[in-house]
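K.L.:
Here is a sequence together with a model predicted from it:
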Number of protein chains: 2
Amino acid sequence: MNSDANTRRKDTRGEISGCALRLFAERGYAAVSMRDIAEAVGVRQGAIYNHFASKQELLAELMTSHLEAVLRAHEAALAGVAGPVARLEAFARFHVGYHLDYPADVFIAYMELRSLEPEGFRRINAMRSRYEGTLRAILAEGAAAGLFSIGDPAVHARALLAMLTGVTVWYREGGRLDRATIIEDYVRATLQSVGLRMPRGGDKECSTQP
Amino acid sequence: MNSDANTRRKDTRGEISGCALRLFAERGYAAVSMRDIAEAVGVRQGAIYNHFASKQELLAELMTSHLEAVLRAHEAALAGVAGPVARLEAFARFHVGYHLDYPADVFIAYMELRSLEPEGFRRINAMRSRYEGTLRAILAEGAAAGLFSIGDPAVHARALLAMLTGVTVWYREGGRLDRATIIEDYVRATLQSVGLRMPRGGDKECSTQP
DNA sequence: GTCTATACTGGGATAGAC
DNA sequence: GTCTATCCCAGTATAGAC
């Protein structure tokens, strides 16, 4: 039906995005050259400019599509979840799970904001703020209802986001701990940080230690 | 008595360190040129090489002296503090306080590890691991004693470090919140995250909201 | 749409006068 | 120890053949 990205013809644009994403995450935007990206894709440097007008546009595109995906998935994850406690748990579970699945995307969106030129920065920072705002609202609501014991909701929101996002810094697939364990640990830390004690008992049988 | 950095003669080396620190923190190592640093200092580019052999050595030097200072201050802050609960509180209070005082140093040491060449990386990463290890030990001890309710101590240590270190990302002097409030909020989040409830009552009178 | 080739800029680092 | 001047290379982006 549609003409684009349809058949299995090689999708150069997509491969450029993928390689750039990985390299930016590994070394940082400024430390990666268009030649590096081209080599990873298997084309010559000039070919990239058939798909992206500039390195800057490539970065902005990566961040935009990532943030759009995050916001969509995040809204879906919290849709129909009611009450600050349940919403906070859902937020933490979604956030860590998503970050385990897309560590490079997340890392870039978190770290390379400063590499954006003013226009892109404003647009993309606004998307990030929306996301942060939903967590802040949950915390403020829980605090107002007397359910949470926290200081300033904005401070706590940033503290939790830093904590949850930090999972991308050290997590590597096939490591000592599996995905489910890590998520539960972060969810527990999140809920306890606002003064709650465990979501539901030991949660998935507390068999961490033998 | 000593011959170096003694009188008030201009300390070019120190100014290079200071400007490089600030610029690396603002834009990232790869995005800052030796010309940028020289301009900030007020000398010509070549003059830097009278004090540092290379840009890479300059970065390694900044990170090393920072980490040495952190480890010293951290040991002093925890010296004589006994018991996992008190030590965890002292750790959190020290960590956030130090990071509020030296945000640029901390940010670089956290973010620019990947910009180090192999030799410097090993050396400096070992220093970071020592620091992380002290927190992990506190958590493991508290968990073993049944005082803390956490999952894997290594996961929780990294989660807390990311949370506490993240204060440098958003804190700006003269903002809405003062230093003491921010520290107390982070300390509270830290202690609660392991399942404790408040260090001592409301702590400094809970007058956050009017 | 990809290639080769190139324009142009800016980077790290060095040489030698002062 | 700092300066000016320069080397050499890598970087982004473009032009034009295929």
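P.N.:
Arrived safely.

K.L.:
so who does the spatially closest residue to A:Met34 that is not a sequence neighbour touch?
P.N.:
Closest residue to A:Met34 apart from its sequence neighbours, by C-beta to C-beta, 6 or more residues apart in numbering or on different chains: A:Gln45 at 5.3 Å. For the C-beta atoms, the positions are set from N, CA and C on the backbone; glycine is no exception. Counting by C-beta atoms under 8 Å, 6 or more residues apart in numbering or on different chains, A:Gln45 touches A:Met34, A:Arg35, A:Ala38.

K.L.:
Run through the residues that contact the second one.
P.N.:
Put plainly, it is A:Arg35. Here A:Arg35 is in contact with A:Gln45 (C-beta under 8 Å, 6+ apart).

K.L.:
how about it, secondary structure?
P.N.:
Here A:Arg35 takes the helix state, with states given by DSSP: H, G, I helix; E, B strand; the rest coil.

K.L.:
need the longest helix for chain A.
P.N.:
Ordering each helix of chain A by length in residues (DSSP state H) puts helix A:118-144 first.

K.L.:
other SSEs contacting that helix?
P.N.:
Contacts defined by 3 or more C-beta pairs under 8 Å, 6 or more residues apart in numbering or on different chains; DSSP states H and E place helix A:118-144 against helix A:55-78, helix A:84-101, helix A:153-165.

K.L.:
can you tell if it touches DNA strand D?
P.N.:
No: using C-beta under 7 Å from any atom of the strand, helix A:118-144 stays clear of DNA strand D, with a minimum separation of 12.7 Å.

K.L.:
Which positions in chain A make contact with DNA strand C?
P.N.:
Contacts of chain A with DNA strand C, taken as C-beta under 7 Å from any atom of the strand, map to A:Lys10, A:Thr12, A:Val43, A:Arg44, A:Gln45, A:Gly46, A:Ala47, A:Asn50, A:His51.

K.L.:
My read is that the last one contacts A:Asp11, right?
P.N.:
Looking back up the chat, that one is A:His51. No: the pair A:His51 / A:Asp11 is not scored as a contact, 10.0 Å apart, by C-beta atoms under 8 Å.

K.L.:
any idea which of the residues of chain A next to DNA strand C is the one closest to chain B?
P.N.:
When the residues of chain A next to DNA strand C are compared for distance to chain B (C-beta to the nearest C-beta), A:Gln45 comes out closest, at 18.7 Å.

K.L.:
quick one: the closest one and A:Ile16, what's the gap?
P.N.:
Using C-beta to C-beta, to the nearest Å, we find A:Gln45 at a distance of 11 Å from A:Ile16.

K.L.:
Likewise for A:Lys10?
P.N.:
Noted for A:Lys10: a distance of 11 Å to A:Ile16, by C-beta to C-beta.

K.L.:
Those two - which one has more neighbours?
P.N.:
Using other C-beta atoms under 10 Å in any protein chain shown, the more surrounded residue of A:Lys10 and A:Ile16 is A:Ile16, with 23 against 11.

K.L.:
Quick check: phi and psi on the more buried one?
P.N.:
phi -60, psi -50 (degrees, to the nearest 10).

K.L.:
Show me what counts as buried in the longest helix of chain A.
P.N.:
Neighbour-count burial for helix A:118-144, counted by 16 or more other C-beta atoms under 10 Å in any protein chain shown, picks out A:120, A:124, A:127-128, A:131, A:134-136, A:138-143.

K.L.:
and what of stretch A:31-40?
P.N.:
Neighbour-count burial for stretch A:31-40 flags A:Ala31, A:Val32, A:Met34, A:Asp36, A:Ile37, A:Ala38, A:Ala40 (criterion: 16+ other C-beta under 10 Å).

K.L.:
now stretch A:173-184
P.N.:
A:Thr181, A:Ile182, A:Ile183, A:Glu184.

K.L.:
Report the separation between the residue nearest to A:Ile37 when sequence neighbours are not counted and A:Lys10.
P.N.:
Excluding the flanking residues, the one nearest A:Ile37 by C-beta to C-beta, 6+ apart is A:Ala20, at 5.0 Å. Note on A:Ala20: its distance to A:Lys10, by C-beta to C-beta, is 16 Å.
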